[in-house]
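**Student:** Build the 3D model from these lines:
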Amino acid sequence: MTTGQTPTSGRGVVLIGADGAAVQRMGARGYVIAALPATNVDTGLAAVAAAIAELRADPATRGIVAVAGFGAGGALAFLAATRLGADAAATLWGAGIGEFLAESKLVRVPLSMHFADDDERVPFAEVRAIKGALEGFGTTEIYRYKQRDPQAEEDAERRACAVIEGVNAPSG
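**Tutor:** Numbers count the residues shown, from 1 in each chain. Sure, this is the predicted structure:
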């Protein structure tokens, strides 16, 4: 687990499959970060659940924990929203989500999803299926970008962080 330079956001974020630059940018926002590699769902879910529990127990997070999955980490971030009790989730160029669309009805937390039309790992048909499964959910935002380029990556990260920032501390 790593902490941003000054943990001011009062939020923990589990980053799955993020590169070092993304981890640094998120840490600079003041998030308390747990960075995990993107792994298969069978082994990855236990690691994500443990990271969520660890961050939730950290007083600097105020009990708020989001999960953001990059690339192959997208399915794990989606499942963190449906199975693991994350307070918010984001998928950035998230692959593998289509396999778990039956769980879409379980999404009860803010979810920000970002896809690029030129991403061969997430074909347009899968993005369309994801959109169809989640359309009408007031907590879900789905963005498509013509291509994955630096501007799209900046926009996706900014939008994902806005969703994370919108989560309030649990009462009680």
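**Student:** Nearest to the spatial middle of the protein, which residue is it?
**Tutor:** If you average the C-alpha coordinates of the chain and look for the closest C-alpha using CA atoms, centre = their mean, you land on Ala68, 2.2 Å from that point.
**Student:** OK, contacts around that residue?
**Tutor:** Residues touching Ala68, when contacts are defined by CB atoms under 8 Å, 6 or more residues apart in numbering, comprise 13-16, 18, 26, 77, 89-92, 160, 164. In short, each C-beta sits where N, CA and C put it, glycine included.
**Student:** Dump those residues into JSON lines; add secondary structure, distance to Pro37 and neighbour count as well.
**Tutor:** Putting those into JSON lines (DSSP: H, G, I helix; E, B strand; the rest coil; distance: CB to CB, whole Å; neighbours: other CB atoms under 10 Å) gives the following:
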{"residue": "Val13", "secondary structure": "strand", "distance to Pro37": "16", "neighbour count": "30"}
{"residue": "Val14", "secondary structure": "strand", "distance to Pro37": "12", "neighbour count": "32"}
{"residue": "Leu15", "secondary structure": "strand", "distance to Pro37": "10", "neighbour count": "27"}
{"residue": "Ile16", "secondary structure": "strand", "distance to Pro37": "8", "neighbour count": "28"}
{"residue": "Ala18", "secondary structure": "coil", "distance to Pro37": "9", "neighbour count": "25"}
{"residue": "Met26", "secondary structure": "helix", "distance to Pro37": "16", "neighbour count": "24"}
{"residue": "Ala77", "secondary structure": "helix", "distance to Pro37": "13", "neighbour count": "32"}
{"residue": "Ala89", "secondary structure": "strand", "distance to Pro37": "18", "neighbour count": "31"}
{"residue": "Ala90", "secondary structure": "strand", "distance to Pro37": "17", "neighbour count": "31"}
{"residue": "Thr91", "secondary structure": "strand", "distance to Pro37": "16", "neighbour count": "31"}
{"residue": "Leu92", "secondary structure": "strand", "distance to Pro37": "15", "neighbour count": "28"}
{"residue": "Ala160", "secondary structure": "helix", "distance to Pro37": "19", "neighbour count": "27"}
{"residue": "Ile164", "secondary structure": "helix", "distance to Pro37": "21", "neighbour count": "25"}
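**Student:** out of these, who's nearest Glu135?
**Tutor:** Thr91 (15.9 Å; CB to CB).
**Student:** For stretch 71-86, which outside residues touch it?
**Tutor:** Outside stretch 71-86, the residues within contact range by CB under 8 Å, 6+ apart are 14-18, 36, 38-39, 41, 44-45, 48-49, 52, 65-69, 88-97, 99-100, 103-104, 106-109, 111, 121-122.
**Student:** where does the protein dip in pLDDT?
**Tutor:** 1-8, 169-172 (pLDDT under 70).
**Student:** Okay, Lys131 and Ile16: tell me how far apart.
**Tutor:** Lys131 sits 22 Å away from Ile16, taking CB to CB, to the nearest Å as the criterion.
**Student:** Nothing else from me, thank you.
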